[in-house]
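Participant: Sharing a model that was predicted from the sequence below.
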Amino acid sequence: IAGITQAPTSQILAAGRRMTLRCTQDMRHNAMYWYRQDLGLGLRLIHYSNTAGTTGKGEVPDGYSVSRANTDDFPLTLASAVPSQTSVYFCASSDSGQNTDTQYFGPGTRLTVL
Amino acid sequence: LAKTTQPISMDSYEGQEVNITCSHNNIATNDYITWYQQFPSQGPRFIIQGYKTKVTNEVASLFIPADRKSSTLSLPRVSLSDTAVYYCLVGDSSASKIIFGSGTRLSIRP
């Protein structure tokens, strides 16, 4: 069982370019999440989805968009990347959107915007 | 939103018991307290969760006083492999309100 996979592992991107970070889970979890983690800081929630077909904004949604066309995939798109979006991005999933659920995290994508 | 406050860092030695305290003065009635562990270059991993009193699993214990305004993660007999960042989370059932905070960087020395 792979759990959660993310792609790419790392990416260097020119400012102004469009980028999609991929996230796939095979646990049939209803809820999925995207976080960013900046150097020395904790994780901040960008967007989430409680179930396929629905999404919601987290703490820092500006400059990012998500879609949830099916249960397994939850891509994160940066329409026009800026240097402040340089960060490590983690995707996570849980059985439902409840805070009591354990979140399972992917290995992360290290993104550098120049 | 229930904000959490943790020490930025802690140091200890192998074989010692380590207690990390998290303050959450504004915790709501429906909030649970959850702790995650994060190793360098990895995503966080669930450790333990509780609502009140004491919870114990094979990894750690979680102590929550009656007023629930704080909680203490206890790691018995730590080893070098317990060196990590530990996050305390407090929240209700809304996914949009999950806040990790900055965590506590625990360093274990031989």
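Facilitator: On my side now, so go ahead.
Participant: residues contacting residue 4?
Facilitator: Just so you know, I chose chain A. Residues near residue A:4 by C-beta atoms under 8 Å, 6 or more residues apart in numbering or on different chains: A:23-25, A:27, A:91-93, A:104-107. Heads up, the C-betas are built off the backbone N, CA and C, glycines and all.
Participant: that's the wrong chain, I meant chain B
Facilitator: Per C-beta under 8 Å, 6+ apart, neighbours of residue B:4: B:22-24, B:88-90, B:99, B:101.
Participant: thought residue B:5 was touching residue B:23?
Facilitator: Yes - at 4.3 Å, residue B:5 counts as touching residue B:23 under the criterion of C-beta atoms under 8 Å.
Participant: Look at these two and report which has more neighbours.
Facilitator: Between residue B:5 and residue B:23, counted using other C-beta atoms under 10 Å in any protein chain shown, residue B:23 has the larger neighbour count: 16 against 13.
Participant: For chain B, what's its nearest residue on chain A.
Facilitator: residue A:105 (2.7 Å; C-beta to the nearest C-beta).
Participant: thinking that residue is in contact with residue B:39, fair?
Facilitator: No - using C-beta under 8 Å, residue A:105 is not in contact with residue B:39, being 11.1 Å away.
Participant: which residues do those two both contact?
Facilitator: With C-beta under 8 Å, 6+ apart, residue A:105 and residue B:39 have common neighbours residue B:45.
Participant: between these two, who's got more neighbours?
Facilitator: Neighbours were counted for residue A:105 and for residue B:39 using other C-beta under 10 Å; residue A:105 has more, 22 against 13.
Participant: Which secondary structure state does the closest residue to the more buried one other than its chain neighbours sit in?
Facilitator: Distances taken as C-beta to C-beta, 6 or more residues apart in numbering or on different chains put residue B:43 closest to residue A:105, at 2.7 Å, once the chain neighbours are dropped. Assigned by DSSP: H, G, I helix; E, B strand; the rest coil, the conformation of residue B:43 is coil.
Participant: show me the contacts for residue B:43.
Facilitator: Residue B:43 touches A:90, A:92, A:105-108, counting by C-beta under 8 Å, 6+ apart.
Participant: With residue B:24 instead?
Facilitator: For residue B:24, the contact set (C-beta under 8 Å, 6+ apart) comprises B:2-5, B:31, B:33, B:68-71, B:88, B:90.
Participant: Filter these down to the buried ones.
Facilitator: Among these, those scoring as buried are B:2, B:4, B:31, B:33, B:68, B:70-71, B:88, B:90 (criterion: 16 or more other C-beta atoms under 10 Å in any protein chain shown).
Participant: Lowest-confidence entry in the residues you listed?
Facilitator: Among the buried ones among the contacts of residue B:24, residue B:2 carries the lowest pLDDT, at 61.
Participant: What confidence value was assigned to the residue of chain B found nearest chain A?
Facilitator: For chain B, the residue closest to chain A is residue B:43, as judged by C-beta to the nearest C-beta, at 2.7 Å. Here, the pLDDT recorded for residue B:43 equals 92.
Participant: From residue B:11, how far out is it?
Facilitator: To residue B:11, residue B:43 is 24 Å away according to C-beta to C-beta, to the nearest Å.
Participant: residues in chain A within reach of chain B, list them.
Facilitator: With C-beta under 8 Å from any C-beta of the partner chain as the criterion, chain A meets chain B at residues A:31, A:33, A:35, A:40-45, A:48, A:50, A:56-59, A:90, A:92, A:97-100, A:102-108.
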